[in-house]
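**Student:** sequence plus the predicted model coming up.
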Amino acid sequence: MTDMTDLPTAPPLPGGTILGYPRIGPNRELKRAVESFWAGRIDAGELESQAAALRSRTRARLAELGLAREGAAIPETFSFYDQVLDAAVTVGALPRRFDGLTGLEAYFAAARGTSGDAGERAPLEMTKWFDTNYHYLVPEIGPDTTFALDASRLVAQLTEAAAEGYETRPVVVGPVTFLLLAKPADDAPAGFSPLSRLGDLLPVYAGLLRELREAGATWVQLDESGLVADHLTDTSDVKPEAVRAAVTEAYRALATELGATERPAILLQASYGSLGAALPVVAATDVEAVALDLVRGALPTGPVAGLESKTLVAGVVDGRNIWRADLAAKLDLLDRAQSLGAAAVVVGTSTSLQHVPHDVTTEHWDDATLDANLHAWLAFADQKVAEVAVLATALTDGRDAVADEVRASSDAVATRRDAAGVRVDAVRARTAALSRHDFERGEHDARVAEQATRLALPPLPTTTIGSFPQTVDIRKARAAHAKGDLATEAYEQAMRDEIARVVALQEELGLDVLVHGEAERNDMVQYFAELLDGFAVTSNGWVQSYGSRCTRPSILWGDVSRPEPMTVRWTTYAQSLTEKPLKGMLTGPVTIMAWSFVRDDVPLAETANQLGLALRDEIADLEAAGIAVVQVDEPALRELLPLRKADQETYLNWSVGSFRLATAGVRADTQIHTHLCYSEFGEVIGAIDHLDADVTSIEAARSRMEILPELRDEGFGRGVGPGVYDIHSPRVPSTEEVVELLELAVKTVDPTLLWVNPDCGLKTRGYAEVNPSLEHLVAAAREVRATL
Ligand SMILES: CN1c2c(nc(N)[nH]c2=O)NC[C@@H]1CNc1ccc(C(=O)N[C@@H](CCC(=O)N[C@@H](CCC(=O)N[C@@H](CCC(=O)O)C(=O)O)C(=O)O)C(=O)O)cc1
Ligand SMILES: N[C@@H](CCS)C(=O)O
Ligand SMILES: [Zn+2]
């Protein structure tokens, strides 16, 4: 064992660093490797070697872009699936049901569950990471959870980097945030808070820091972003004072009691917002550096006691968006950051760069007029690393040393401001002319009566959420069409054939309100972005959404309008094949914004209204074409809810307003549905009610209808379809299971309001699971219907 007193003390962090980097690979190499491993096409050794090669290319790329090879400027943020799962494995806190599994087998079992011969094990729950479209796996912590250190992966990566000549910085979710993000294990007593286990967890983190130090780490980054979110730090189970006390306790154990020679220097990261009242507490600890988000978070005013002995990593380069930085403005912000009184200021990103694609230079936009401009306006991860390096040079060598780069960035900002399409007078005139009346539908009871007459549905009507499986054939046809190998007419015929199959299947299954199945959509946001003015889409701008799943967030750069109808021909074709009502299917304004990179030069509320108007026109066209039911999906309504309570009312006003603007133009006998998933919605029931939709479908199966008592207690008097089929799992629910959930539902809410549907769309599932599951869903609805 190394005598740790012989190790050199931590060097200062170099002038620029990033808090994390995309790990999926510039061409989604990790996605392909992991999915090949799951499919049995490659073994664990091959997966490990492909992952190591990707890490190696990442380090080389970061050095090439200007991060120092020494001084721990380069973070190690590789993950096979998720950083919170990585932390759970590192501290040995996987739930008991994964006992007996080891290594990658245990890791992927926790991420995806197991079934059949491998044994029935539910995966960890997945939920949104702060207010982003990234999903993490939720640790389950109870009074009896045991913790045991496994630092092997972090140590191996450090050693791997050292062998290549890099001194890198391991990154781990910090102990307080790990417990704040966890949920109480199923067998925990009521009122149990995972944070109460901090005292047992800290020795494991202390052991981790010792091992990392022994393995040569000079710095470690502990992600304590949990401290910026009120929904984690001010809940019925946890109070803000308790969280602040936990920070003091944790960093007394890790920073004060572990001497500087026993551990790496600690960089405490707080991304996604302001630390607020936790800032003085963090500053009073003995960590060596603090990373603040100065994009979403405000710059604290005046000196902060305790920072005088610390390095401040000033997060001035936006890790959440893709706009090229205005370097002059960033330099001004860095100047102001000096006033906080830190011992040193280092340039950083506001968050990990995991939320942005790899490299804008690999993009080739079709639209020649936009192409050159857009390239110049954008910075993906690699361009952001270069921005950090330029700003760091300015800090050390003065602004003159980077005058050319600053001028180029100012020019880009100016061309973006003045470019055609960024401000369209006709669009602005329409939003400026909106009045209260445009956001109001007619009286609710009258609507219910007219819709009942027009639709003539049975009690407990059955429906699905919209998408049917995106089969390999569908994706292949779309890829061939994009490459020019399949003519547009042939591609569209293939999609019509798929729609006809899906409609026939639903008739056979006996569903009451049908859908067209969304075969023609590559993604529920990108599809609309491709058809609306004001957006650009990328060909390779992939961002990890969860595990191996990725999306290509669209780029909303200008004023939004709808040149022509977007869904009408597909929907009316589907409706022409059936006598049953067929739901038109649209993505709502908030979700389109949440899952795109939005412009930062107009208020979000203006963009939301522009989208609301485009969708309003689409709904008018669907209605005129005879469509009687239209669903406007808003799964991201909760996701964009600001992390601080003080900011929530303003958000809810414009977000709910944009949905109402989209939907309020319809006739009383046109039924508006909405759909929500991927979050817990208890906090926003009032807002869901204000959407004024006629029917709301909502994820509920995995939580066994947890939302229904809350809806009842809030007096929710609208149609509601609590999900009865958990589509995130390959499991086929039995008729009895669905009956059980429905019986629970009819006991909790007025049965005349109830609809029967899955939790969400079926696009990620296969027909082998979907067919029997929907059969059981329809059978269960009929059975319970007979008892009413
Ligand atoms: C509902 N969800 C969504 C979120 N955000 C979105 N923007 N969209 C969503 O649907 N956030 C919350 C959740 C997150 N859930 C998911 C679920 C599933 C995926 C997913 O499956 N992603 C796919 C990519 C989907 C896509 O864009 N498909 C395109 C392109 C397909 C492709 O990769 N083509 C290949 C070639 C095709 C072939 O030969 O097989 C290629 O380009 O190399 C399409 O269908 O046209 C994924 O693969 O990760 C994401 C989020
Ligand atoms: N209509 C969409 C909603 C997903 S949240 C679907 O069914 O996939
Ligand atoms: Zn959904």
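**Tutor:** Thanks, I have it. Ligands and ions are numbered 1, 2, ... in the order given.
**Student:** helices of the stretch 501-650 of the chain, start to end?
**Tutor:** Using DSSP state H, counting those that start in this stretch, the helices of the stretch 501-650 of the chain run over 526-531, 568-576, 589-594, 604-624, 648-663.
**Student:** up against ligand 1, what does the stretch 101-250 of the chain have?
**Tutor:** Asn133 (CB under 6 Å from any ligand atom). Using the backbone N, CA and C atoms, a C-beta is placed for each residue, glycine as well.
**Student:** any idea how far Leu85 is from His231?
**Tutor:** 21 Å (CB to CB, to the nearest Å).
**Student:** neighbour-wise, which of these two wins?
**Tutor:** Neighbour count, other CB atoms under 10 Å: between Leu85 and His231, Leu85 has more, with 25 against 19.
**Student:** quick check: the more buried one touching Ala110?
**Tutor:** Yes: using CB atoms under 8 Å, Leu85 is in contact with Ala110, at 6.1 Å.
**Student:** common neighbours of the two, please.
**Tutor:** Leu124, Leu137 (CB atoms under 8 Å, 6 or more residues apart in numbering).
**Student:** re the thing from before, do you know which of the helices of the stretch 501-650 of the chain lies nearest ligand 2?
**Tutor:** helix 589-594 (7.8 Å; CB to the nearest ligand atom).
**Student:** who are the packing partners of the closest one?
**Tutor:** Helix 589-594 sits against helix 604-624, helix 648-663, with contacts defined as 3 or more CB pairs under 8 Å, 6 or more residues apart in numbering; DSSP states H and E.
**Student:** now do the next helix-or-strand element following the shortest one, average pLDDT.
**Tutor:** So that's helix 648-663. Once the chain leaves helix 648-663, the next helix or strand it forms, by DSSP states H and E, is strand 671-676. Taken as a whole, strand 671-676 has an average pLDDT of 98.
**Student:** which other residues reach strand 671-676?
**Tutor:** Contacts for strand 671-676 (CB under 8 Å, 6+ apart): 441, 447, 451, 455, 465-466, 583, 588, 628-635, 637-638, 659, 663, 666, 688, 691-699, 719, 760.
**Student:** ok, now with 7 Å
**Tutor:** 451, 455, 465, 583, 628-635, 637, 663, 666, 688, 691, 693-699 (CB atoms under 7 Å, 6 or more residues apart in numbering).
**Student:** what about ligand 2: which of those residues touch it?
**Tutor:** Near ligand 2, by the rule CB under 6 Å from any ligand atom, you find Ile465, Asp633, Pro635 out of the contacts of strand 671-676.
**Student:** the last one touches Cys677, doesn't it?
**Tutor:** Yes: contact status for Pro635 versus Cys677: in contact at 4.7 Å, counting by CB atoms under 7 Å.
**Student:** nearest residue to the residue at minimal distance from the centre of the chain other than its sequence neighbours?
**Tutor:** With the centre of the chain defined as its mean C-alpha position, the nearest residue by CA atoms, centre = their mean is Asn133, 1.4 Å away. With CB to CB, 6 or more residues apart in numbering as the criterion, Asn133 has its nearest non-adjacent residue at 5.4 Å, and that residue is Trp595.
**Student:** measure that neighbour to Phe528 for me?
**Tutor:** Noted for Trp595: a distance of 10 Å to Phe528, by CB to CB.
**Student:** show me what from this protein comes close to ligand 2.
**Tutor:** Neighbours of ligand 2 within the chain, by CB under 6 Å from any ligand atom: Ile465, Gly466, Ser467, Met524, Met585, Asp633, Pro635, His675, Cys677, Cys760, Gly761, Lys763.
**Student:** got a list of what whichever residue of the stretch 1-150 of the chain sits closest to ligand 1 touches?
**Tutor:** Distances between the stretch 1-150 of the chain and ligand 1 by CB to the nearest ligand atom are smallest at Asn133, namely 4.9 Å. Contacts for Asn133 (CB under 7 Å, 6+ apart) come out as Ser545, Ala594, Trp595, Glu639.
**Student:** and for Tyr527?
**Tutor:** By CB under 7 Å, 6+ apart, the neighbours of Tyr527 are Arg521.
**Student:** what does the model give it for pLDDT?
**Tutor:** You'll see Tyr527 listed with a pLDDT of 98.
**Student:** from the residues of the chain next to ligand 2, which one has the minimum pLDDT?
**Tutor:** Cys677 (90).
**Student:** thought it was touching Cys760?
**Tutor:** Yes: Cys677 lies in contact with Cys760 (CB under 7 Å); the separation is 4.4 Å.
**Student:** between the two, which contacts overlap?
**Tutor:** Glu699.
**Student:** which one's more surrounded, those two?
**Tutor:** Shown here are Cys677 and Cys760; by other CB under 10 Å, Cys760 has more neighbours (27 against 22).
**Student:** ok, that one touching Ser729?
**Tutor:** No: if you go by CB under 7 Å, Cys760 and Ser729 don't touch, sitting 11.6 Å apart.
**Student:** of the helices and strands packed on helix 589-594, which is nearest ligand 1?
**Tutor:** Distance to ligand 1, taken as CB to the nearest ligand atom, is lowest for helix 604-624 among those, at 14.8 Å.
**Student:** which element is the closest residue to Pro730 other than its chain neighbours on?
**Tutor:** Counting by CB to CB, 6+ apart, Pro730 lies nearest to Glu769, which is 5.5 Å off, once chain neighbours are set aside. If you go by DSSP H and E, Glu769 is part of helix 767-786.
**Student:** report the buried residues of that helix.
**Tutor:** For helix 767-786, the buried set under the neighbour-count rule, 16 or more other CB atoms under 10 Å, comprises 769-770, 773-774, 776-785.
**Student:** and the pLDDT for Gly682?
**Tutor:** So, for Gly682, pLDDT stands at 83.
**Student:** what sits against it?
**Tutor:** Gly682 neighbours (CB under 7 Å, 6+ apart): Ile707, Glu710.
**Student:** give me the phi and psi for Lys128.
**Tutor:** Torsion angles at Lys128 (phi, psi; degrees, to the nearest 10) stand at phi -70, psi 140.
**Student:** quick check: bridge partners of it?
**Tutor:** Beta-bridge partners recorded for Lys128 (DSSP bridges): His135.
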